[in-house]
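> Here is the input, now give the coordinates:
(4 chains)
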There are 2 protein chains.
Amino acid sequence: MPYSIKAAAARCGLSEYTLRYYDKAGLLPFVARDASGYRAFTDGDMALLHTIICLKNTGMRIDDIRTYIQYVMAGTSTVAKRRALLQKHREAVAAKQRAIAENLKEIDYKLAMYEDPQAAQLVARELAAASQDKQAANLPDAFAGIH
Amino acid sequence: MPYSIKAAAARCGLSEYTLRYYDKAGLLPFVARDASGYRAFTDGDMALLHTIICLKNTGMRIDDIRTYIQYVMAGTSTVAKRRALLQKHREAVAAKQRAIAENLKEIDYKLAMYEDPQAAQLVARELAAASQDKQAANLPDAFAGIH
DNA sequence: ATAGACCTTAGAGTGTGCTCTAAGGCAACC
DNA sequence: GGTTGCCTTAGAGCACACTCTAAGGTCTAT
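Residues are numbered from 1 along each chain as shown, chains lettered A, B, ... in the order given. The predicted model follows:
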């Protein structure tokens, strides 16, 4: 029933190296060893690992994930702490989401310019403006001669 | 009119170190030097820097940003290449956005559990299930004795 | 002309998260 | 009992993006 490290890695999409690294970093204190000293991942372990990966994928640091796991291992008395940690992280992720949405708008604006049938002219105009900027400031013009 | 590295750093939110690092990495070939060899950032330079930061903030690597800047410096003939590069990046950012949205749903699910008035009981049930998992597999139970 | 605040460079150091190597133990099959 | 394939550990190495230090040049004001 339990999974070897190879099987667990295949199931969660991480490398065996990464799983061992996570274990060493204190993220997997719940993973048991069999009689030979091999790691044995149960389905419950895979569920917790899934949560770890979710936190990692949203940019939480290994150190903070370890803190969360330590709360989990300490039982129900840490529910308030887990809630606070997750609430803080949730807000950070939401902020990141908003920032990405804003940046995506800008990328789309640039893309629209490059997709315009008159793209070359629009770009040439940008170039000319940048070139004038340099000359107005009596600076060497890195854009001179580009067309 | 042009900005010193200190002023440019203050305006774009990067450190002076980072700006010098970007210059060394080939991201700022358009920034001119004044008579004393000091970098002089024009408004046009700040606009390009803004684009660089936008790409960086959405996870583009320095190497790929340099490629984009090289296209810009090569003039209008590279419009198709710029479009292709930005289109590919746009799709990567959109994918990341979708992934974050999915992960956020999971965090919210966990949070809802911790915010439930019966949170302690729900958590205790998870704990019991994980514990049983271990015992069913004849493994040492890291959850034993936790309440 | 000297102090102080600014700028320059090359190159070393840091932090994070892996990623891999070396040396060796365990288990199953021929 | 040897080969194969899995597992273990400690620790080295790597990639990336900074971040800082050291040594020194420039500008402005007193």
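> only C-alpha atoms for contact and neighbour calcs from this point on.
Noted.
> Give me the contact status of the strand or helix carrying residue A:56 with chain B.
Assigned by DSSP states H and E, residue A:56 falls within helix A:43-57. Yes. If you take Cα under 8 Å from any Cα of the partner chain as the test, helix A:43-57 does meet chain B, through A:43-45, A:54-55, A:57.
> can you pull out the helices in chain A?
A:5-12, A:16-24, A:43-57, A:62-73, A:79-115, A:119-136 (DSSP state H).
> Report pLDDT for residue A:133.
Residue A:133 carries a pLDDT value of 95.
> The one 5 residues further on now?
At residue A:138, the predicted lDDT confidence score is 96.
> Burial check on it, number of neighbours?
Neighbour count of residue A:138, defined by other Cα atoms under 10 Å in any protein chain shown: 12.
> Repeat that for the one 3 residues further on.
Residues contacting residue A:141 under the criterion other Cα under 10 Å number 18.
> Among the residues of helix A:43-57 next to chain B, pick out the one closest to residue B:36, please.
Closest to residue B:36 out of the residues of helix A:43-57 next to chain B is residue A:57 (46.7 Å), distances taken as Cα to Cα.
> contacting residues for that closest one?
Listed by Cα atoms under 8 Å, 6 or more residues apart in numbering or on different chains, the contact partners of residue A:57 are B:100, B:103.
> just to revisit the earlier point, out of the residues of helix A:43-57 next to chain B, which is most surrounded?
Among those, residue A:55 has the most neighbours (other Cα under 10 Å), with 24 neighbours.
> follow-up on the earlier one: just the residues of helix A:43-57 next to chain B now: which is nearest DNA strand C?
Using Cα to the nearest atom of the strand, residue A:57 comes nearest to DNA strand C of those, at 8.8 Å.
> Dihedrals phi and psi, residue A:138?
Backbone geometry at residue A:138, expressed as degrees, to the nearest 10, gives phi 60, psi 40.
> Tell me which of the helices of chain A approaches DNA strand D most closely.
When the helices of chain A are compared by Cα to the nearest atom of the strand, helix A:5-12 sits nearest DNA strand D, at 3.9 Å.
> what about residue A:83, how many neighbours?
If you count neighbours by other Cα under 10 Å, residue A:83 ends up with 18.
> residues contacting it?
Shown in contact with residue A:83 (Cα under 8 Å, 6+ apart): B:111, B:114-115.
> What about the residues you listed, which one has the most neighbours?
Neighbour-wise, the contacts of residue A:83 (other Cα under 10 Å) top out at residue B:114, 23 neighbours.
> pretty sure that residue is touching residue A:77, no?
No. Using Cα atoms under 8 Å, residue B:114 is not in contact with residue A:77, being 11.5 Å away.
> any chance of the helices of chain A in JSON lines, with distance to DNA strand C too?
Converted to JSON lines, those look like this (distance: least, Cα to the nearest atom of the strand, whole Å):
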{"stretch": "helix A:5-12", "distance to DNA strand C": "11"}
{"stretch": "helix A:16-24", "distance to DNA strand C": "4"}
{"stretch": "helix A:43-57", "distance to DNA strand C": "7"}
{"stretch": "helix A:62-73", "distance to DNA strand C": "4"}
{"stretch": "helix A:79-115", "distance to DNA strand C": "14"}
{"stretch": "helix A:119-136", "distance to DNA strand C": "16"}
